[in-house]
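Colleague: What shape does this take:
(chains A and B, ligands or ions: 2)
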Amino acid sequence: MVAGKHRTLLTRKLLRELWHHRAQMVAVGAVVACGIAVFVSMSSVRYSLEATRAEYYSRYRFADVFMQLKRAPEYYRKTVARIPGVASVSTRIVADVTLDVPGLEEPATGRLISLPDYGNAPILNDLYIKSGRSLQPGSDNEVIASQPFLEANGLRPGDRLRAVINGHMKELRIVGMGLSPEYVYEVQPGAFFPDNKHFGVFWMGRRSLESALDMSGAFNDLSLTLSHNGHEDDVVSELDRLFKRYGSLGAYGRSDQLSNRFLSDEIKQVGIQISFLPSIFLAVGIFLINIVLARIVAVQRPEIAVLKAMGFSNRTIALHYLFFALTPAILGSIVGSVLGAWLGKGLMGIYGDFYNFAHPLYYFRFQEVVIAVVLSVSSAMLGAFGAVRRVVQLPPAEAMRSEAPKLYRPGIFDRAEIQKHVPVSVRIIIRNLERRPWKAALSVMMIASAVAILIAGRYTYDAVERMTEVEFTEKHREDLTLLFNDSMPVSVASTVGSYKGVLEHEYYRDEPVTLHSRHRSRRQTVRGLASGGGLQRLIDSNGRRHALPPEGLLMTTELARILSVVPGDTVEVEFLLGSQHRRSVAVAGTLDEILGLSAYMDIKSLHRLAGDGGAVNGAFLRIDTSRARALYSEFKAMPGVGGIMMLKALKKSFDDLIAESMLTSTLILTIFACVLAFAVIYNGARISLSERARELSSLRVLGLTKKEISVILLGEQAVLTLFAIPPGFLAGIGLSVLLALSLSSELYRLPLVFNSYNFLFSFIVVVSVSVVSGFAIRRRLIRLDLIEVLKTRE
Amino acid sequence: MHENQQSPLFRLSGVSKSYTMGEVVVDALKGVTLDIFSGELAVMLGASGSGKSTLLNIIGGLDVASRGEIFFHGKELTASTELELTSYRRHAVGFVFQFYNLIASLTALENVQLVTEIADDPMLPEEALGLVGLENRMNHFPSQLSGGEQQRVAIARAVAKRPEILLCDEPTGALDFQTGKLVLEVLEKVNRELQTTVILITHNAAIAGMADRVIRMRSGEVYEDHRNAQRRPPSELEW
Ligand SMILES: Nc1ncnc2c1ncn2[C@@H]1O[C@H](COP(=O)(O)OP(=O)(O)OP(=O)(O)O)[C@@H](O)[C@H]1O
Ligand SMILES: [Mg+2]
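Modeller: Ligands and ions are numbered 1, 2, ... in the order given. Reported below is the predicted structural model:
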């Protein structure tokens, strides 16, 4: 009975004191909540993306292995089906064509994909028809168009558009709006970012596509699924062997399928963020709990002694103080989970806009909350450990004496001559910092981590901005790129320059090859560029321009790393098309590009190497904008052109899609970093205030004004904050580098850019947060009870 | 010795202080009327809870009266703003408490400098410390000084600004007999040599012997106020 009563009294003590320290508890809880929110949102988004993808892929029978080729007889389908490990096979005809879209001045590019006739669902890579209907068997001009394309162009089933297929203009009737697991990330080949206005996927009856492309009884696209005991590598090499002579560019698995690869990279990046930021927030949370609880225990030494003298067990008392840490941690994790679920839902919505899932679903699992609570509770325990151990070890008699007074001895500062000229209030500040260097260092470290998060949070935004600047502006001077359906001899292609309004043109050659270096090899496109050209430039991630060597290969650093070669080495170039011969070529240099893996050569030496007298795959054009309209309509009808890429449109679409969502996440991170900074600075000041209330009251009694004592207390906090800024900047740079390294993949590498504006911004944010926290503390300073303090012993 | 017809340094009339805590009202002071004259050394006696500290704090501008008026040099303190009270404490009042309340991070000298830096016409800090006999311990931190020495630093700090009144709330309360006497001697010396008015609260009736005037309080009222015919030096006091 008695024990029960005691327990309720202790609970009452706990509740009152928690209430008394509510501002500090809220600050600690908020830091935990931010960390948990990031954790919960990121891990639930990762799970949701994975689950949505898995569900989408299996429900719509996404293939395991893919291959594009020039043309192969249809009966090979049966041959492939007999390869051991293959479950089901699907052959298709796929072609890229130029489109004339109503309401769109510029030409667009369409990817036409054949669907089985007679209304059967495709065996693999099925469609989700979101609205409208599927194709009528035997219809000649019906198509199903991809949702992003239709939405970007404001089209609906029932609308019509025109395509130039094999040199003939054909009118297509849109009957349905669809989505496919193959195009979750719907991007034009050669572009890295989606431009849904100018690129779309269309599904069309096989028979009509066959006749339009003269592909009866043949296919140029193959996909298959593996049986349970099938091995991707074995099947891929068997396919490569079988189809080499049919102009195959090589089979590949899901991991190299463009859309899936972007999606996988994205999921991986989300995964990195699960641990990255939360660990910083929780670490700061641990330190905060540590200092807050240490102070509470120091103040309550006599009370602890009394409780022990009264016969409370160590366990009861330890638990009592542990609750000071557990309360904000548990509340923080609950608030963080709710916030995280909300953020996660929003984030999944953004991903749902960016990636085209049939049924994007946000899954919030209870498991996440459990992990969140476990994480924050263990952080709290870790933070509370030192203080609680002191509670337990305190002998009852010892505790009655107040903690041993801090011994002040002359420090470095006292030996310095200048100290004589410094006002006493400044001496108090300096001495306090000097005498407790560890405490000061801890505060500096925590404030610095807030500065670092501010900088790193904005870094990704800047890096992506820099990436677009290089990729859309510096690297390219052309207005548009014409992509040819097939490689053309230079003589045929040279008509491009004769169009009126074309100011400059420059051909390029994209040659699919396999690069071999000792036991390593890699399928790769070698791009041949005009040496003296300059419509497409070679710019590295630092913005430096590289010259194209007259002979030999210039490759991206990442590709050189994969092949394990350095400039001066030789690689074997195996041509996949045409004569399929192998040649040795020197690696002339490397450059660190932002996007993708590339290899470049002077176009003339590439022609020589190919030994085919020269062929080109496309052209960069700079055009007279006043003639653009006329040029566009000429290009729309131009035979042999399979696609047109518009740089400005790509940039705009990128800005709309990515920049906006990045702005949101940067904003959220900035807010979280502010919370962190506030919690650290405010708690530091609160603890100082508690430690020095007596001293400050004495000063007030001596006749110092409120302003003067504020200067002493807040001055100390200001010094700590200012000291935290340089290491914060350094840590921010370090964190950004870490972020750049971990977020980079083969698809892109984040350039290291450090915008001085961000440093200024972080500085201003941290200073403002200090000022706000200073005002909050000042309110307490003003209410300091002078008499109360003087009545008691130190 | 001062004459009563001289205009008083402080004039208190009907000073009351009540604390309201929920539904309970505690009357700490119930209409205290008192004149304090320049240069006198007054000892204030009374049972615990009789209102001594409350009265001293109100005189010193640390606290404000609920009712009544206090005039200092004819100016009404009770009508002063917070900032005026601060300035009053800064220039006119010196405090000495039972607990010394020195700034732990400052040396003895610096604790005194704290005051001399902001006062209008202060002594040299060294001079103030000399007055309390600590000229040799100036560069020691409080933790390196004994209780009595710390209290003497506190007195030096209080007198260094040349205050008009020195308010001491049980300055010997935490000290032993010998050390207590030493502190009292310092206070007596300050009163004698600098003509600083001193009010000294104590529980020790024997100390009343060193005073010009003895004020006794009981439950918030002054019930006895008499003058000693003769002051006895602290060294002769016994308890
Ligand atoms: N902040 C306060 N709130 C409520 N009551 C108070 C407060 N301060 C003092 N009192 C009450 O006012 C009365 C006078 O207190 P005061 O401190 O002046 O007594 P004192 O004569 O100095 O006693 P002691 O000799 O014990 O120091 C007491 O009854 C006390 O309980
Ligand atoms: Mg008292």
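Colleague: helices or strands up against the lengthiest helix in chain B?
Modeller: Taking DSSP state H as the assignment, the helix of chain B that covers the most residues is helix B:177-194. Secondary-structure packing of helix B:177-194 (3 or more Cβ pairs under 8 Å, 6 or more residues apart in numbering or on different chains; DSSP states H and E): strand B:41-46, helix B:125-131, helix B:147-159, strand B:165-169, strand B:197-201. The way it works is simple: take the backbone N, C-alpha and C, and place the C-beta from them, glycine included.
Colleague: Put together JSON lines for the ones you listed, with distance to A:T495 and mean pLDDT on each row.
Modeller: Formatted as JSON lines, these follow (distance: least, Cβ to Cβ, whole Å; pLDDT from 0 to 100):
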{"stretch": "strand B:41-46", "distance to A:T495": "113", "mean pLDDT": "94"}
{"stretch": "helix B:125-131", "distance to A:T495": "97", "mean pLDDT": "91"}
{"stretch": "helix B:147-159", "distance to A:T495": "98", "mean pLDDT": "90"}
{"stretch": "strand B:165-169", "distance to A:T495": "105", "mean pLDDT": "93"}
{"stretch": "strand B:197-201", "distance to A:T495": "110", "mean pLDDT": "95"}
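Colleague: among those, which is nearest ligand 1?
Modeller: strand B:41-46 (5.5 Å; Cβ to the nearest ligand atom).
Colleague: Show me how far that closest one is from its chain's centre.
Modeller: 10 Å (Cα atoms, centre = their mean, to the nearest Å).
Colleague: Can you list the helices and strands that that strand packs against?
Modeller: On a contact count with 3+ Cβ pairs under 8 Å, 6+ apart, strand B:41-46 meets helix B:52-59, helix B:177-194, strand B:197-201, strand B:213-218.
Colleague: So which residues on chain B come close to ligand 1?
Modeller: By the rule Cβ under 6 Å from any ligand atom, the part of chain B lying against ligand 1 is B:Y19, B:M21, B:V26, B:A28, B:G46, B:S48, B:G49, B:S50, B:G51, B:K52, B:S53, B:T54.
Colleague: quick revisit: mean pLDDT for the helices and strands packed on strand B:41-46: which is lowest?
Modeller: Lowest mean pLDDT within the helices and strands packed on strand B:41-46: helix B:177-194, at a mean of 88.
Colleague: mind listing what's buried in that one?
Modeller: Across helix B:177-194, burial judged by 16 or more other Cβ atoms under 10 Å in any protein chain shown covers B:179-191, B:194.
Colleague: Only alpha carbons, please: show that helix as CSV.
Modeller: What follows is helix B:177-194 as a C-alpha-only set of coordinates in CSV (Å, rounded to 0.1, in the frame of the first residue of the first chain):
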residue,chain,number,x,y,z
PHE,B,177,32.1,32.9,16.8
GLN,B,178,35.6,34.2,16.1
THR,B,179,35.1,34.7,12.4
GLY,B,180,31.7,36.3,13.1
LYS,B,181,33.3,38.8,15.3
LEU,B,182,35.9,39.7,12.6
VAL,B,183,33.1,40.4,10.2
LEU,B,184,31.3,42.5,12.7
GLU,B,185,34.4,44.5,13.3
VAL,B,186,34.7,45.2,9.6
LEU,B,187,31.1,46.4,9.5
GLU,B,188,31.6,48.6,12.5
LYS,B,189,34.8,50.1,11.0
VAL,B,190,32.9,50.8,7.7
ASN,B,191,30.2,52.6,9.7
ARG,B,192,32.7,54.6,11.7
GLU,B,193,35.2,55.5,9.1
LEU,B,194,33.0,56.0,6.1
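Colleague: which residues are contacting that helix?
Modeller: Where contact means Cβ atoms under 8 Å, 6 or more residues apart in numbering or on different chains, the residues beyond helix B:177-194 that reach it are B:39, B:41, B:96, B:131-133, B:146-148, B:151-152, B:155, B:159, B:162, B:166, B:168, B:171-172, B:175, B:196-198, B:200, B:207, B:210, B:233-235, B:237, B:239.
Colleague: the inter-axis angle of the longest helix of chain B versus helix B:147-159?
Modeller: Helix B:177-194 and helix B:147-159 are oriented at 20 degrees to each other (axes from the mean of the first three to the mean of the last three Cα atoms, to 10 degrees).
Colleague: burial count for residue 75?
Modeller: This is for chain A. 9 (other Cβ atoms under 10 Å in any protein chain shown).
Colleague: Chain B was what I was after
Modeller: By other Cβ under 10 Å, 11 other residues sit near B:K75.
Colleague: What of A:V566?
Modeller: The number of residues packed near A:V566 is 11, by other Cβ under 10 Å.
Colleague: tell me the centre residue of the chain?
Modeller: Reading this off chain A. Nearest to the geometric centre of chain A sits A:Q269, at 5.3 Å (Cα atoms, centre = their mean).
Colleague: think we crossed wires, I meant chain B
Modeller: Chain B has B:L167 as the residue nearest its centroid, 1.0 Å off, counting by Cα atoms, centre = their mean.
Colleague: Hmm, it is touching B:L56, no?
Modeller: Yes - using Cβ atoms under 8 Å, B:L167 is in contact with B:L56, at 5.2 Å.
Colleague: Show me whatever sits in contact with both of the two.
Modeller: Common neighbours of B:L167 and B:L56 (Cβ under 8 Å, 6+ apart) are B:I199.
Colleague: contacts for stretch A:605-618?
Modeller: The contact list for stretch A:605-618, computed with Cβ under 8 Å, 6+ apart, reads A:481-484, A:487-490, A:493, A:507-511, A:526, A:528, A:550-552, A:573, A:575, A:578-579, A:581, A:583, A:585, A:601, A:603.
Colleague: Return the members of the residues you listed classed as buried.
Modeller: Buried among the contacts of stretch A:605-618 (16+ other Cβ under 10 Å): A:481-484, A:487-488, A:493, A:507-511, A:526, A:528, A:552, A:573, A:575, A:585, A:601, A:603.
Colleague: Could you pull up the residues touching the residue of chain B found nearest chain A?
Modeller: Residue nearest to chain A within chain B: B:R90 (2.7 Å; Cβ to the nearest Cβ). With contact taken as Cβ under 8 Å, 6+ apart, B:R90 is in contact with A:L702, A:G703, A:L704, A:T705, B:I118, B:A119, B:K161.
Colleague: Only whichever of those residues are buried, select them in PyMOL.
Modeller: Selecting only the buried entries of the contacts of B:R90 in PyMOL, with 16+ other Cβ under 10 Å as the criterion:
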select buried, (chain A and resi 702+703+704+705) or (chain B and resi 118+119+161)
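Colleague: TSV for the contacts of B:R90, including distance to A:Q367 and secondary structure?
Modeller: Shown next, in TSV, are the contacts of B:R90 (distance: Cβ to Cβ, whole Å; DSSP: H, G, I helix; E, B strand; the rest coil):
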residue	distance to A:Q367	secondary structure
A:L702	60	coil
A:G703	62	coil
A:L704	56	coil
A:T705	57	coil
B:I118	62	coil
B:A119	68	coil
B:K161	68	coil
